[in-house]
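[1] Return a 3D structure for these sequence lines:
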Amino acid sequence: MDDILEENYREELEKLLLNKDYKALRKKMEDMNVVDLAFVMDEMEDEDSLKMFRILPKDMAADVFANLELDDQQYIISSMSDTEASHIIENLMADDATDLLEEMPANVVKKILSKASPETRADINHLLRYPEDSAGSIMTVEFVDLREQMTVEEAIVRIKRRGLDSETVNICYVVDNQRILKGTVALRYLLIREPDELIGDIMNTKVISINTQMDQEEAALTIQKYGFTAMPVVDNENRMVGIITVDDVVDILQEEATEDIEKMAAMIPSDKPYFKMTTLETYKKRMPWLLLLMISATFTGAIITSYEEALASYVILTAYIPMLMDTGGNAGSQASVSVIRGLSIGEIEFKEIFKVIWKEIRVAVLCGITLSGANFVKLLLVDRLALPVAVVICSTLVVVVVFAKFIGCVLPLVAERIGFDPAVMASPLITTIVDAVSLTVYFTIAVSVLHIVV
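    Next comes the predicted model:
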């Protein structure tokens, strides 16, 4: 929604709420799109958001609730009676209800589920048993299943009967009596076939499915790869247990991208929006990595201390330390971000490590020579340094860029291979390593070229 339009909506709704004009408020909310309404409610104070939710027509409430931020959902559910909360849970898709209940205290979940129908409890408990961030934990169990022996006419009748309670009816799934997945059939295909044709004769048997234990990011990339709007999820015996739809894929990819960005920026990932986190929560997410990086940065101080005599002889060398360290850090970050992205979308695998290194080394040499050449001219003509000092700085620059890009591409690949998150090996850690190496190379070359006695 446009920011100006959102602000106008929010001001209008808040004014009606403040004036207690509930009839007009209800009418205004009924005219709004449920996604837009949820977006506006997320930006309001919790108490106002709860009041508006209670005024909502029942047929809109569940749809609006499903589009609210998780912390707003928790506040609303916690403020309701068990019966009211159970009514909301009953009208949510099983995967959305499960996501909500996973984040709530066990005693609250127990009370809510005690009021829910046996079918809802069974669906939610079924999803809760799968590992976190697995395909099984994010799938929905509401889908239309058909049998091979059904006619097209019988299949359409079944779709009409079960369609409202299903996540999607665009694709239907053909299973046998043991729920083994046999094929798929599109609704639009059913509509153009003869009523007496058998589903088994017209279904697509080349089915691509996702295992319940597959990581959610891998599952999302699989759906993205094939361009499907939904994919079936099966267990180890190929029994169909649910589906993952494209809206889940969007959420997963956004969540995973956010998590990677936070890790690359040396923060502990959080699933809360920025303004929903307290100052203390933000502090806790950022402080551990800052402490670790501060401690690791003491190595650079130790290196500078060990070359005090070299710096005393050529004080001008000190002025170019930040440039060398920053350039190395930036070069390493470029390589690491490219490799991490390639790993995340399946473009790069560990077995291709030597191809990646060879490419990055060639790029590094070209970048290093270009930067060194430009810097050499600047050092002589603008800074008016002596030729030997300029040679030291420019030689260091080439070595640093090559090393930085080597480390930047290798560390994420190695991390992926041994089971660590490649994003953790991104900018902060690589920069710390490159800084230490940059100084060591700088002073080593300076001592050699300038004949400094250490």
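[2] ranges for the helices of the stretch 101-250 of the chain?
    Ranges of helices in the stretch 101-250 of the chain, per DSSP state H, counting those that start in this stretch, are 106-115, 118-128, 135-138, 152-162, 187-191, 199-202, 216-226, 246-264.
[3] Listing request: residues of this protein with sub-threshold pLDDT.
    Scanning the chain for pLDDT under 70 picks out the ranges 1-6, 102-103, 105-115, 125-126, 260-275, 296, 424-428, 453-454.
[4] who touches the residue most central in space within it in this structure?
    The centroid of the chain falls nearest to residue 256 when counting by CA atoms, centre = their mean (1.6 Å). Shown in contact with residue 256 (CB atoms under 8 Å, 6 or more residues apart in numbering): 216-217, 220, 344. Bear in mind the C-beta positions are built from the backbone N, C-alpha and C, glycine included.
[5] And those residues, which is closest to residue 375?
    Closest to residue 375 out of the contacts of residue 256 is residue 344 (34.1 Å), distances taken as CB to CB.
[6] Test my guess that that closest one contacts residue 218.
    No - if you go by CB atoms under 8 Å, residue 344 and residue 218 don't touch, sitting 10.0 Å apart.
[7] So which of those two has more stuff around it?
    Between residue 344 and residue 218, counted using other CB atoms under 10 Å, residue 344 has the larger neighbour count: 19 against 14.
[8] What residues of the lengthiest helix in the chain count as buried?
    The longest helix of the chain (DSSP state H) is helix 387-418. The neighbour-count check on helix 387-418 (16 or more other CB atoms under 10 Å) flags 389-413, 415-416 as buried.
[9] Same question for stretch 15-25.
    16-17, 25.
[10] and what of stretch 311-323?
    Neighbour count says stretch 311-323 has 311, 317, 320-321 buried, by 16+ other CB under 10 Å.
[11] number of nearby residues for residue 195?
    11.
[12] ok, it - contacts?
    Per CB under 8 Å, 6+ apart, neighbours of residue 195: 151-153.
[13] Tabulate these (TSV), appending distance to residue 280 and neighbour count.
    Shown next, in TSV, are those (distance: CB to CB, whole Å; neighbours: other CB atoms under 10 Å):
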residue	distance to residue 280	neighbour count
151	63	15
152	60	22
153	62	14
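[14] just curious, which of these is nearest to residue 183?
    So of the contacts of residue 195, ranked by how close each gets to residue 183 (CB to CB), first place is residue 152, at 14.1 Å.
[15] Please name the residues that touch that closest one.
    190, 193-199, 202.
[16] now do 7 Å
    190, 193-195, 197 (CB atoms under 7 Å, 6 or more residues apart in numbering).
[17] Make TSV out of those and add distance to residue 367.
    Converted to TSV, these look like this (distance: CB to CB, whole Å):
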residue	distance to residue 367
190	57
193	60
194	65
195	67
197	63
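[18] Of the helices of the stretch 101-250 of the chain, which stretch is the most buried?
    helix 135-138 (a mean of 24; mean count of other CB atoms under 10 Å).
[19] other SSEs contacting that one?
    Applying 3 or more CB pairs under 7 Å, 6 or more residues apart in numbering; DSSP states H and E, we find helix 135-138 packed against helix 216-226.
[20] residues in contact with the helix it packs on?
    So helix 216-226 is contacted by 133-135, 138, 208, 210, 231, 244, 246, 249, 252-253, 256, 345-346 (CB under 7 Å, 6+ apart).
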